[in-house]
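> my questions concern the predicted model and sequence given below.
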Amino acid sequence: MAQYFVGVDGGATATKVVVLNSKTGETMGQASAESSNYHNVGKEKARAAIKQAVTEACQIAKIEISQIAGIACGIAGVHSPADIAQFDGLHEEIGLSAPLHFENDILAALSGGAGSCTSPGIAIICGTGTAVFGRDKDGKTARAAGWGYLMDSGSAYDISLQALRQCVRADDGVYPQTNLTQRLLKDLKLEAPRDFVNWMYHPDRTVTQIAGLAPAVFDEAEKGDIGAMGIAAQACDILADNVLCVARKLNMTNFEVPLVLVGGVHDSKYFHPRFCQSIAARLPFMKPVFPAHSAAVGAALIALDRASVPNPFATKDAASSDAPAVPLRATEHQNLYSLDIDLLSPEKIVGLLHTEDKRAVNAISTALPAISEAVGVVTEAFRQGGRLFNCGSGTPGRLSVVDAAEVPPTFTDTEHVFGLIAGGHPALVKSNESIEDLPDEGAKAVREYNLCSKDVVCGITASGRTPYCLGAIQEAKKVGAKSIAIVCALPSVVAEAADTAIFIPTGAEVVTGSTRMKGGTVQKLVLNIISTCGMVGIGKTLGNLMVDLSQHNSKLVDRAERIVAKACNIEKEEAVKVLDACERKVNVAIVHKVGGVDVETAKKTLAENSGVVRKSLVALNVDLQKAGLA
C-alpha cells in the first residue's frame, strides 16, 4: 500500500514542498512559500514558511496531515544541532504524528539530483548562495562552501556584488569602463554610479534583490564586456575549485562521477558551459548533469530512507570506478571566452588576456600544499649536497634554463639549480620540439650531470605527458633521486611517475593549445617559488635581505651596501668601509660587524654554520632581538 512522504527544500529564496507517493514516485502535490533560511529571514518567518508550504501541498494532494508517513526538510543554513533547535516544536504546530527530519539543503539537492540518497556523487548549489556536497560509495561525505552569502564566493550574490564593485571602481578610474555600469543603472532605474550607494544600503534591501543582478552580468558578458566576462570566469573557477576540494576529500578525482547542478545560476546559457569548462580543467572525468529530480523530491527520498521504505526511483549507482575513455586534455580545449578574439579591439584583447592571466595565477592556490611539499624536498636535498634539475621541452625547458640562470646573480650560487631543455641550448633560440617525444633524451640529459640519489629532478609539462620529462623522472627513480612534476592537465603520466605532483588547472588557453601563455606563466611562478624557497632554506638570506649576492654592476654594488647598512644598523658610508674590509662579502660583513669579531673569525664562524648568517650570529651569542634581527 502506498504511503505519503513529504520533502521540503528550504532555500535562501523560496521554500518548496512536494508530497510523494512512496510506491510510484509520483508527486501528488506541491507548493511553495517564502525563504525558510532562518539566518536570512529570522526564526519565525522560516517556521511559518515551512508550515504554510507543507499545509498547502497536502491540500493540493488531497491528503490529511495525519496521513504523512514521514517528512524531511533540507534547509539552507542548517548545519548543527543548534540550527535544528530553531525548529523545535514545529512538528506539533503542523500537526504531524510522523517523524520530522532536518538536513542541510545540499544533501536534499544531491539526493534529488541523483535520484537516491545513497548513490555516490557530488552536488553543487549555486543560487543566491552556494555550497558543494559529496558522498562516496561507502557513505562518507564532504562539503565545501555553504558559509552564507557574506562569506561564500561564486554565488549570485557574490557575482552581483563584484559587478557593483566593478562599476564603482571604473567610475573612480581604477578599472576600465564597463557596460555593466549603464546596464545596472538602467535596470535599477538610477541616474549615476553614486546612486548605487543609496540603493545598496537601503534598509529594505534584501539579499535576494542584490543576487538578482547576476543575470545582467551574464547578459553583458555574452555581449563581450570584458569586466562582466572576468566576473563570470572568476565565479566559474571558484565554484570549480570548491568541487575539486570535495572530490579530493572523497578520493573521487580519477573516475566518472555525476556532478549535480542545482540553482538558478546554472540555468544561465552563458554561465553553464563555461562552468563546465572550469570543471573539465580540474576534474576531467567529472560529469556535470542537471538534477533527475528536485531538491524537494530529494528531501522526500531522505524521509523514505529514514523510514526504511524502498526508493521508487532506485537504479544502478550513477558513479562507476571503471576508468572511462581518456578525455581531451584541458590545455587543448577551445577557450569559450576568446572565440572571437580576432574580431576584438586591442583594448578588449588586452583586457581578455589580463583576465585569463589572473585566472591562471589564481589556479596556483589549489596546488599550494603540493608546492610546499616540493619545496621541502628540494630544500632538504640542498642541505644534503644535492641538486635540482628542472627539465622540459619548449616553453617549460626555456623557463627551466632561465630559472637556473637567475639564481647565481641573486644568491651567488652555481651549484644547486640546473635547467635542461629538450634539444639542448640551441633550442633556447630555435625550437626543436620533436626531441620532446624521446624519453631517452630526458634520461640522457640528467645522466650527463652524474645524477645521484641526493638530487631532485623536476619535469615541467603543461600537457602532463611530455616523454622527455618522463624519461628524466624515470632516470631519477633508477638512481634513487626524488622527483617532482609540474603539470597543467590531467590525467598525466608524468605526474603519476613523480614522487610529488604539482597540478595547476590553467585550463584552455586564449589561443587554443598555446601553453606558452597561461601554462608558461604559472610554470615560471612555481619555479620561482621552489628555487627561492630552496635558497632561503639554506641560509641565502637574513630575513628578506640577500646576504650572498653577486656585485657585478653599480645597482648590485649599491644594493649590497644598503643591505649591510640595514642589517648592521649603520650609515651607508660606514657599510662601504665594512664591506671593503670583508672583500665585499655581504654575509662576512654582517657577521663581522654585528657579531663584533674580526674578519677571519667571521669567516670561520660562517664556515662552521653552513654559511647561514643567523646561525652564525647565534653561535657568537648575539642577542638578535637587540640587534634588530629577531
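Received it, and whenever you're ready, just let me know what you need.

> tell me where the stretch 1-150 of the chain has helices.
38-41, 43-61, 81-84, 90-94, 105-114 (DSSP state H, counting those that start in this stretch).

> now do the third one: distance to the chain's middle.
Spelled out, that is helix 81-84. Here the centre of helix 81-84 is set off from its chain's centre by 30 Å, with C-alpha atoms, centre = their mean, to the nearest Å.

> picking up where we left off before, of all the helices of the stretch 1-150 of the chain, which one is nearest Tyr157?
When the helices of the stretch 1-150 of the chain are compared by C-beta to C-beta, helix 38-41 sits nearest Tyr157, at 10.6 Å. (Glycine included, C-beta is placed from N, CA and C.)

> low-confidence ranges in this protein?
Within the chain, the ranges that satisfy pLDDT under 70 run 1-2, 315-326, 433.

> can you pull the contacts of Thr512?
332-335 (C-beta atoms under 8 Å, 6 or more residues apart in numbering).

> so Glu574 touches Ala565, yeah?
Yes: contact criterion C-beta atoms under 8 Å: Glu574 and Ala565 qualify, at 7.4 Å.

> longest helix in the chain, please.
helix 226-249 (DSSP state H).

> show me what counts as buried in that one.
226-248 (16 or more other C-beta atoms under 10 Å).

> and the next helix or strand past that helix?
Helices and strands here follow DSSP states H and E; after helix 226-249, the next one along the chain is strand 257-262.

> okay, angle between that following strand and helix 105-114 too, please.
Angle between the axes of strand 257-262 and helix 105-114 is 110 degrees (criterion: axes from the mean of the first three to the mean of the last three C-alpha atoms, to 10 degrees).

> now for strand 257-262, which elements pack on it?
Judged by 3 or more C-beta pairs under 8 Å, 6 or more residues apart in numbering; DSSP states H and E, strand 257-262 is in contact with helix 105-114, strand 121-126, helix 271-282, strand 286-289.

> let's see that with 6 Å instead.
Applying 3 or more C-beta pairs under 6 Å, 6 or more residues apart in numbering; DSSP states H and E, we find strand 257-262 packed against helix 105-114, strand 121-126, strand 286-289.

> the longest one versus strand 121-126: what angle between them?
Put simply, helix 105-114 runs at 120 degrees to strand 121-126, going by the same axes, to 10 degrees.

> returning to what we had before: which one of the helices and strands packed on strand 257-262 lies closest to Ala405?
Of all those, strand 286-289 comes closest under C-beta to C-beta, at 39.9 Å.

> re the thing from before, now the angle from the longest helix of the chain to strand 121-126?
Going by the same axes, to 10 degrees, helix 226-249 makes 150 degrees with strand 121-126.

> circling back: so for Glu574 and Ala565, which sits in the more crowded spot?
Ala565 (19 against 14; other C-beta atoms under 10 Å).

> can you pull the contacts of that one?
572, 575 (C-beta atoms under 6 Å, 6 or more residues apart in numbering).

> confirm it sits in a helix?
Yes: according to DSSP: H, G, I helix; E, B strand; the rest coil, Ala565 belongs to a helix.

> hmm, back to that, so which of the helices of the stretch 1-150 of the chain is the most packed in?
Sort the helices of the stretch 1-150 of the chain by mean neighbour count, taking mean count of other C-beta atoms under 10 Å, and helix 105-114 sits at the top with a mean of 30.

> which elements pack onto it?
If contacts are counted by 3+ C-beta pairs under 6 Å, 6+ apart, helix 105-114 sits against strand 68-75, strand 121-126, strand 130-135, strand 257-262, helix 295-306.

> do a quick rundown of the strands in the stretch 351-500 of the chain.
Under the criterion DSSP state E, counting those that start in this stretch, the stretch 351-500 of the chain contains strands at 388-392, 417-421, 456-461, 482-487, 500-503.

> which outside residues touch the fourth one?
Contacts of strand 482-487 from elsewhere in the structure, counted by C-beta under 6 Å, 6+ apart, are 374, 377, 456-461, 464, 473, 476, 494-495, 498-503, 523, 526.

> what subset of the contacts of Thr512 is buried?
By 16+ other C-beta under 10 Å, the contacts of Thr512 give 333, 335 as buried.

> give me the contacts around the helix or strand harbouring Val197.
Element membership of Val197 [criterion: DSSP H and E] is helix 195-200. Outside of helix 195-200, the residues within contact range by C-beta under 6 Å, 6+ apart are 164, 188.

> and stretch 488-496, how far from the chain's centre?
Centroid separation between stretch 488-496 and its chain, computed with C-alpha atoms, centre = their mean, is 18 Å.

> quick one: contacts of that stretch?
Under the criterion C-beta under 6 Å, 6+ apart, residues 284, 329-331, 459, 461-465, 469-470, 485, 487, 501, 504, 506, 519 lie in contact with stretch 488-496.

> start to end distance for it?
In terms of C-alpha to C-alpha, to the nearest Å, the two terminal residues of stretch 488-496 are separated by 13 Å.

> buried stuff in that stretch?
By neighbour count on 16+ other C-beta under 10 Å, the buried set for stretch 488-496 is 488-495.

> closest to His79 out of those residues?
Leu490 (31.7 Å).

> any idea how far that closest one is from Ala14?
Taken as C-beta to C-beta, to the nearest Å, the spacing of Leu490 relative to Ala14 amounts to 38 Å.

> again, but for Arg465
47 Å.

> so Lys51 touches Ile94, yeah?
Yes: with contact defined as C-beta atoms under 6 Å, Lys51 counts as touching Ile94 (5.4 Å).

> ok so, going back, could you say which of the strands of the stretch 351-500 of the chain is packed most deeply?
Taking mean count of other C-beta under 10 Å, strand 456-461 is the most buried of the strands of the stretch 351-500 of the chain, at a mean of 32.

> just the CA trace of that one, in PDB.
C-alpha atoms of strand 456-461 as PDB (Å, rounded to 0.1, in the frame of the first residue of the first chain):
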ATOM      1  CA  VAL A 456      65.900  16.100  -7.400                       C
ATOM      2  CA  VAL A 457      64.500  16.000 -10.900                       C
ATOM      3  CA  CYS A 458      61.600  18.300 -11.800                       C
ATOM      4  CA  GLY A 459      59.700  17.600 -15.000                       C
ATOM      5  CA  ILE A 460      57.600  20.500 -16.300                       C
ATOM      6  CA  THR A 461      55.000  19.900 -18.900                       C
END
